[in-house]
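Chemist: Next comes the sequence, and after it the predicted model I'd like to discuss.
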Amino acid sequence: MVSARQVNPWYRENRRDLPWRRPGFPAWGTLVSEFMLQQTQVSRVLPRLEEWLRRWPTPADLAATPPGEAVRAWDRLGYPRRALALHSAAVAIAEQHDGKVPADVDALLALPGIGQYTARAIAVFAYGLRHPVVDTNVRRVIARAVEGQGLAGPAATARDLAAMDALLPAENDEAAVFNAGMMELGAIVCTARNPKCDACPLADVCRWRALGYPAYAGPRAPRQQRYVGSDREARGRILAVLRGSEVPVSEEALVEAVTEPDRRSRILEGLLKDGLAALTDDGYALP
DNA sequence: TAGACGTGGCT
DNA sequence: TAGCCAAGTCT
């Protein structure tokens, strides 16, 4: 049986020293880090996070700057709409929550860019509340150790949350450690490829191991489109030009970034629609 | 609910 | 090295 009895001591002994795990780290810092960590590796987040929190130490600080500055400071973290959502969340927190990051999951879910994972991560890691937190790491650990499957397959949020809830210790602090521990286990031991079962605190109870590591035969998440040569890549090049300019950029100045006129206008259209760019009298600019 | 949405690390 | 994968969210 997978339980905090194995996971929590392992976590306390083996956890990485990360900024958001330091005592006294503010809830706002947890929120910013969770936005940045969505689909993005820890190593890439670390430098950006430090810079953001130095520049915008509170939600009100970020809310007081133009959203374009958030997009610029997001740099090359990827999924730049997260920068926009984070800025909007800061505005909502400043205006509707007296500048304080809410602890309530439903209040967090109402903020832009915050879904089931991020809302619970903030409530649990910033405020010590008792909720199941399920990310891709937790899903994989449960799939293997509990269900005996090699991989987790496509997410099924309600089912995944229920599965984690069933394992959660009763006491708040232990539940928070268990959540962090399951994530950490998936991140550094029970990895997607080459899991380090010799170093796993769940080895004795792991169903996948007991079954002899059967190959995963269930449904796979749909494969991502090829990035090289895609509109997404071209969109990134255009946004990079806008980020690099303090003044509006004419469409002619974007020809080098995207040569084909049809594709260029399609991408520009999309950036305007998403609010990542604004059209001024002098050309395109960050919002 | 399947597909769109960035960018880089790793094998 | 081409392809998988990454502390997801939104529509």
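Modeler: Perfect, I can see it now.
Chemist: Could you tell me the model confidence score at the residue in the stretch 101-250 of chain A that DNA strand B sits nearest to?
Modeler: Taking CB to the nearest atom of the strand as the measure, the stretch 101-250 of chain A has A:Gly236 as its residue closest to DNA strand B, at 1.6 Å. Bear in mind the C-beta positions are built from the backbone N, C-alpha and C, glycine included. On the pLDDT scale, A:Gly236 is placed at 97.
Chemist: again with A:Val71
Modeler: Reported pLDDT at A:Val71 in the predicted model: 98.
Chemist: Pretty sure it sits in a strand.
Modeler: No. Under the criterion used here (DSSP: H, G, I helix; E, B strand; the rest coil), A:Val71 is helix, not part of a strand.
Chemist: ok, the spatially closest residue to it that is not a sequence neighbour - contacts?
Modeler: Of all residues not flanking A:Val71 in the chain, A:Ala83 sits nearest, at 4.7 Å (CB to CB, 6 or more residues apart in numbering). Shown in contact with A:Ala83 (CB atoms under 8 Å, 6 or more residues apart in numbering): A:67, A:70-71, A:73-74, A:77.
Chemist: ok, how many other residues are close to the closest residue to DNA strand C within the stretch 151-287 of chain A?
Modeler: Evaluated by CB to the nearest atom of the strand, the stretch 151-287 of chain A has A:Ala192 as its residue closest to DNA strand C, separated by 3.8 Å. Residues near A:Ala192, counting by other CB atoms under 10 Å, number 12.
Chemist: ok, now A:Arg55?
Modeler: Residues lying near A:Arg55 (other CB under 10 Å) number 13.
Chemist: Excluding covalently adjacent residues, which one is nearest to it?
Modeler: A:Ala73 (6.8 Å).
Chemist: my guess is that neighbour meets A:Leu49, correct?
Modeler: No. At 10.9 Å, A:Ala73 does not count as touching A:Leu49 under the criterion of CB atoms under 8 Å.
Chemist: about what we covered before: with only the CA atoms kept, save the helix or strand where the residue of the stretch 101-250 of chain A closest to DNA strand B lies in CSV.
Modeler: Assigned by DSSP states H and E, A:Gly236 belongs to helix A:231-243. What follows is helix A:231-243, C-alpha atoms only, in CSV (Å, rounded to 0.1, in the frame of the first residue of the first chain):
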residue,chain,number,x,y,z
ASP,A,231,3.3,28.4,-36.8
ARG,A,232,4.0,28.2,-33.1
GLU,A,233,7.7,28.6,-33.8
ALA,A,234,7.1,31.5,-36.2
ARG,A,235,4.9,33.1,-33.6
GLY,A,236,7.7,32.8,-31.1
ARG,A,237,10.0,34.6,-33.5
ILE,A,238,7.6,37.5,-33.9
LEU,A,239,7.0,37.8,-30.2
ALA,A,240,10.7,37.8,-29.7
VAL,A,241,11.1,40.8,-31.9
LEU,A,242,8.3,42.7,-30.0
ARG,A,243,9.9,41.8,-26.7
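Chemist: What are the buried residues along it?
Modeler: A:234-236, A:238-239, A:242-243 (16 or more other CB atoms under 10 Å).
Chemist: same check, this time on stretch A:250-258
Modeler: Of the residues in stretch A:250-258, A:254, A:257-258 count as buried by neighbour count, 16+ other CB under 10 Å.
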